[in-house]
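> Below are the sequence and a predicted model; questions follow.
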There are 2 protein chains.
Amino acid sequence: MSVVDAAASVFCREGYAGANIDLIAAEAGVSRQTVYNHHGDKEKLFVAVVRDLTERCNAGIFATIASFPDQPTDLEADLIAFTVRMNRNCICNRDGRFLRKLIQAEGERYPELFAEWREQGPGRTWSALAARFARLAFAGHLAIGDPDVAARQFLALVNAELQITFMLGGTPTEEEVLCSATNGVRTFLSAFARKKSPAGKPAALVHA
Amino acid sequence: MSVVDAAASVFCREGYAGANIDLIAAEAGVSRQTVYNHHGDKEKLFVAVVRDLTERCNAGIFATIASFPDQPTDLEADLIAFTVRMNRNCICNRDGRFLRKLIQAEGERYPELFAEWREQGPGRTWSALAARFARLAFAGHLAIGDPDVAARQFLALVNAELQITFMLGGTPTEEEVLCSATNGVRTFLSAFARKKSPAGKPAALVHA
DNA sequence: GACGAATTGGACAAGTCTGTCTAAATTTGT
DNA sequence: ACAAATTTAGACAGACTTGTCCAATTCGTC
């Protein structure tokens, strides 16, 4: 395991103040001196960790957004599959969980570092997703007021049932991810789909 | 300021490992010895802080849920007002922000403590909200599949636009709270309201 | 095989923090 | 006003961290 990866793990587990360079070195399988040779001091190492995680997470997110169903055959199924890809590969994986935790714990100590993250990450993510939803609306698949609001609400809905797990640092099971995505997408479409079926039955939800 | 309040502030700002008993004592306006006399050691003090915050937050949440609009005159306006009360008095206030941060930062270190929080807090909150929504559905105001899912999605929606602010430890402005609540409730009602108006206009959303 | 670069283990100083102790000062109850 | 309980300031030992220094060893490359 590389030094930065080990450092990410220890910073997340112990917090910045509680993280111990000896432990990071041991977990990375190198000597402490090597850590100092490569990264200077604890603070520089922390910044390197955040930049590394931010970069990898963003790469994953935008690669996944590229697979957004622009010409859906079955809008519900396609959006659910897209959401599951996004959650499994970007939100619930190691990098995503670590980055969230570091931001929550140390965001106030490094405002400029995390302002950068906010612009490059969530800012561009919302924007890209909003553009996709706007296109779906233009093509007549959705009836959306403000695409930016819709994008944020979409992300909130599909993660609604995972938030407590995230808060406590856990990793949702594959089944929980699918369940939350299914319920979230169905509610999203109830709110925003172009109404065509006159039947009044509310869509049955996956059991929570 | 009491010792526990000062400790909550310092634990949140510096993390458990970075929190310094001298600083807590100074912020509380007492001597270090008094802190030790009252709370034994650092770990016991931390547990006392979490219990205190949990208790106060839960009290506020259930007091607010008691004001849920069971017989709404204007469902949208009533739900928005309820959401703003909940957010301002329970989610965005000092106790709410501190408790969330401590859970996120130290949840893995004290599993039993936070399992207790989870049952007493979110568990009962979802259950209570779900019961209210079920009642609204029974009275013909809503068309809901699973009330538990609806309750979690409601909370996710009305906080959708505040999540980044929460992540970075900030406090949303009154206007942001109102905006997020309005957009969230409108989307929630688009998805779950008993359809009666045949007009196809999507509700205009508050500008983000 | 030989040479330069990188890595290692360990020692080290300087600083911080926790938790205890004590004697003096202050507050409280009566 | 007095006695008991609490609080205070400060010193203190023990442990732990960070970051540096250095001599010995290993590694990569020619």
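Great, that's in hand.

> what's the neighbour count on the residue lying closest to A:Pro122 once chain neighbours are set aside?
Nearest non-adjacent residue to A:Pro122, counting by CB to CB, 6 or more residues apart in numbering or on different chains: B:Ile164, 5.7 Å away. In this view, the C-beta of every residue, glycine as well, is placed from N, C-alpha and C. The number of residues packed near B:Ile164 is 17, by other CB atoms under 10 Å in any protein chain shown.

> Figure out the helix or strand that B:Ile164 lives in.
helix B:163-167 (DSSP states H and E).

> Need the contact partners of that helix.
A:100, A:103-104, A:107, A:118, A:122, A:156, B:97, B:100, B:159, B:171-172, B:176 (CB atoms under 8 Å, 6 or more residues apart in numbering or on different chains).

> Now these in CSV, please, with extra columns for secondary structure and distance to DNA strand C.
CSV is the format used below for the contacts of helix B:163-167 (DSSP: H, G, I helix; E, B strand; the rest coil; distance: CB to the nearest atom of the strand, whole Å):
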residue, secondary structure, distance to DNA strand C
A:Arg100, helix, 26
A:Ile103, helix, 24
A:Gln104, helix, 22
A:Gly107, coil, 21
A:Arg118, helix, 29
A:Pro122, helix, 33
A:Ala156, helix, 38
B:Arg97, helix, 22
B:Arg100, helix, 23
B:Asn159, coil, 34
B:Thr171, coil, 27
B:Pro172, coil, 32
B:Glu176, helix, 35
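
> Just give me the closest of those to B:Phe46.
Nearest to B:Phe46 among the contacts of helix B:163-167: B:Arg100, at 15.6 Å, using CB to CB.

> tell me the pLDDT at that closest one?
Predicted confidence (pLDDT) at B:Arg100: the value is 96.

> One more: A:Glu116?
A:Glu116 is given a pLDDT of 89.

> quick one: secondary structure of it?
Classification of A:Glu116 by DSSP: H, G, I helix; E, B strand; the rest coil places it in helix.

> and it, how many neighbours does it have?
Residue neighbour count, defined by other CB under 10 Å, stands at 14 for A:Glu116.

> Might you report the residue contacts of it?
A:Glu116 makes contacts with A:Thr54, as judged by CB under 8 Å, 6+ apart.

> my read is A:Gln71 is in a strand, agree?
No: read with three-state DSSP, A:Gln71 is coil and lies in no strand.

> Leaving out sequence neighbours, find the closest residue to A:Trp126.
Using CB to CB, 6+ apart and skipping residues adjacent in sequence, the residue nearest A:Trp126 is A:Ala151, 5.0 Å away.

> Check the contact between the one you found and A:Ala134; I expect there is one.
No: between A:Ala151 and A:Ala134 there is no contact under CB atoms under 8 Å: 9.1 Å.

> The residue nearest to A:Pro122 and A:Phe192, how far apart?
Remark: distance between B:Ile164 and A:Phe192 (CB to CB, to the nearest Å) = 22 Å.

> So what's the gap between the helix or strand of chain A with the lowest mean pLDDT and the chain middle?
Within chain A, no helix or strand scores below helix A:111-118, which has a mean of 90 by mean pLDDT, DSSP states H and E. Chain-centre distance of helix A:111-118: 16 Å, with CA atoms, centre = their mean, to the nearest Å.

> same deal with stretch A:167-176?
With CA atoms, centre = their mean, you get 13 Å for stretch A:167-176.

> Alpha carbons only: can I get it in CSV?
C-alpha atoms of stretch A:167-176 as CSV (Å, rounded to 0.1, in the frame of the first residue of the first chain):
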residue,chain,number,x,y,z
MET,A,167,-22.9,8.9,9.1
LEU,A,168,-21.6,6.0,11.2
GLY,A,169,-18.9,5.3,8.7
GLY,A,170,-20.3,2.0,7.5
THR,A,171,-20.6,0.6,4.0
PRO,A,172,-24.1,-0.3,2.7
THR,A,173,-24.6,-3.7,1.3
GLU,A,174,-25.2,-4.2,-2.4
GLU,A,175,-28.8,-4.9,-1.6
GLU,A,176,-29.3,-1.7,0.4
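
> And the residue nearest to A:Trp126, which helix or strand is it part of?
Counting by DSSP H and E, A:Ala151 is part of helix A:147-158.

> How about residues contacting that helix?
Counting by CB under 8 Å, 6+ apart, residues outside helix A:147-158 touching it are A:83, A:87, A:126-127, A:129-131, A:133-134, A:137, A:142, A:144, A:180-181, A:183-185, A:187-188, A:192, B:153, B:156-157, B:159-161, B:163, B:183-184, B:187, B:205, B:208.

> Which residue of A:Ala151 and A:Ala134 possesses the greater neighbour count?
Legend: neighbour count by other CB under 10 Å for A:Ala151 and A:Ala134, higher for A:Ala151 (23 against 17).

> For B:Val47, see how far away the more buried one is.
For A:Ala151, the distance to B:Val47 (CB to CB) stands at 40 Å.

> same thing with A:Ala143?
51 Å.

> Can you tell me, leaving aside adjacent residues, what's nearest to the residue nearest the centre of chain A?
Centroid-nearest residue in chain A, with CA atoms, centre = their mean: A:Ile91, separated by 3.2 Å. In this structure, A:Ile91 finds its nearest non-sequential neighbour in A:Asn159, 7.1 Å apart by CB to CB, 6+ apart.

> Return the residues in contact with A:Val141.
Not Val; residue A:141 is His. A:Pro72, A:Leu75, A:Ala193, A:Arg194.

> Oh, that last question was meant for A:Thr187, not what I typed.
Applying CB under 8 Å, 6+ apart, the residues near A:Thr187 are A:Leu157, B:Val149, B:Gln153, B:Ala191, B:Phe192.

> Going by neighbour count, which of those comes out on top?
B:Gln153 (29 neighbours).

> What count of nearby residues applies to the closest residue to it other than its chain neighbours?
Nearest in space to B:Gln153, with sequence neighbours left out and distances taken as CB to CB, 6+ apart, is A:Ala160 at 4.8 Å. When counting by other CB under 10 Å, one arrives at 25 neighbours for A:Ala160.
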